[in-house]
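> fold the following for me, if possible:
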Amino acid sequence: MISGELESQIAKIVENNGYFLYDIEILKENDAYIFRVSITSKDGINHQDCQKINDLISPFLDVCDPIDGEYFLEVSSPGLERILKKPKHFQLSSGDKIEIKLIDKTKITGILGVSDNEGFYLDSTYYRYSDIKKAKSIFEW
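Have a look, this model is predicted:
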């Protein structure tokens with residue numbers, strides 16, 4: 001679990017350099033821990049952007065040590081199709097085509113409108129986050 005203080009400090013580093021912090025995850029893959037920081041920007045993210053943030057965050061994490069033992073730091077874009085979990089994810093995806101799956105398993109696709117801390121508009125219908133089982137952005141090729 002990532003503390004709010006740690007997330008806030010990483011967000012400050014990311015945002016002071018012109019990007020948005022999308023998410024932080026701790027994953028275990030092939031017996032190795034990965035501390036994944038996803039960043040985004042209005043202009044998109046490239047390899048140099050990720051390397052820049054990696055170089056800025058790495059010394060900070062050496063001091064804070066967010067995971068007991070060894071881990072790999074990975075800085076990346078959340079991708080074209082991304083999971084929307086937090087209100088800020090919905091806010092950053094305003095205007096995008098998304099798919100939601102309601103708790104009753106109904107799937108709905110539409111254009112994400114305005115969102116707040118309680119829910120969001122999909123086309124002209126308001127949904128509460130508490131009614132959503134899963135949400136993701138959709139990229140059409």
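
> can you give me the strands in the protein?
Ranges of strands in the chain, per DSSP state E, are 20-29, 32-40, 71-76, 97-102, 107-115, 119-122, 125-128, 132-137.

> including mean pLDDT, distance to Glu5 and mean neighbour count, could those strands go into TSV?
C-beta coordinates here come from the backbone N, C-alpha and C atoms, glycine included. Shown next, in TSV, are the strands of the chain (pLDDT from 0 to 100; distance: least, C-beta to C-beta, whole Å; neighbours: other C-beta atoms under 10 Å):
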stretch	mean pLDDT	distance to Glu5	mean neighbour count
strand 20-29	93	12	15
strand 32-40	94	15	19
strand 71-76	95	18	16
strand 97-102	97	31	17
strand 107-115	97	25	15
strand 119-122	97	27	20
strand 125-128	97	29	13
strand 132-137	96	27	17
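
> and these as TSV, adding distance to Ser58?
As requested, the strands of the chain are arranged in TSV below (distance: least, C-beta to C-beta, whole Å):
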stretch	distance to Ser58
strand 20-29	14
strand 32-40	10
strand 71-76	6
strand 97-102	33
strand 107-115	33
strand 119-122	35
strand 125-128	39
strand 132-137	29
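
> out of those, the one nearest Val14 is which?
Closest approach to Val14 among the strands of the chain is made by strand 20-29 (4.5 Å; C-beta to C-beta).

> residues in contact with that closest one: which ones?
Residues outside strand 20-29 that contact it (C-beta atoms under 8 Å, 6 or more residues apart in numbering): 1-2, 6-7, 10-11, 14-15, 33-41, 66-67, 71, 78, 82, 85-86, 89, 92.

> relative to strand 71-76, how tilted is it?
Relative orientation of strand 20-29 versus strand 71-76 (axes from the mean of the first three to the mean of the last three C-alpha atoms, to 10 degrees): 140 degrees.

> C-alpha coordinates for strand 20-29, PDB please?
The C-alpha trace of strand 20-29 is given here as PDB (Å, rounded to 0.1, in the frame of the first residue of the first chain):
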ATOM      1  CA  PHE A  20       0.400  14.600 -14.400                       C
ATOM      2  CA  LEU A  21       0.700  11.700 -12.000                       C
ATOM      3  CA  TYR A  22      -1.800   9.100 -13.300                       C
ATOM      4  CA  ASP A  23      -1.200   6.200 -10.900                       C
ATOM      5  CA  ILE A  24       1.300   4.400  -8.700                       C
ATOM      6  CA  GLU A  25       1.200   0.600  -8.300                       C
ATOM      7  CA  ILE A  26       3.300  -2.000  -6.600                       C
ATOM      8  CA  LEU A  27       3.200  -5.200  -8.500                       C
ATOM      9  CA  LYS A  28       4.900  -8.600  -8.200                       C
ATOM     10  CA  GLU A  29       5.900 -10.200 -11.500                       C
END
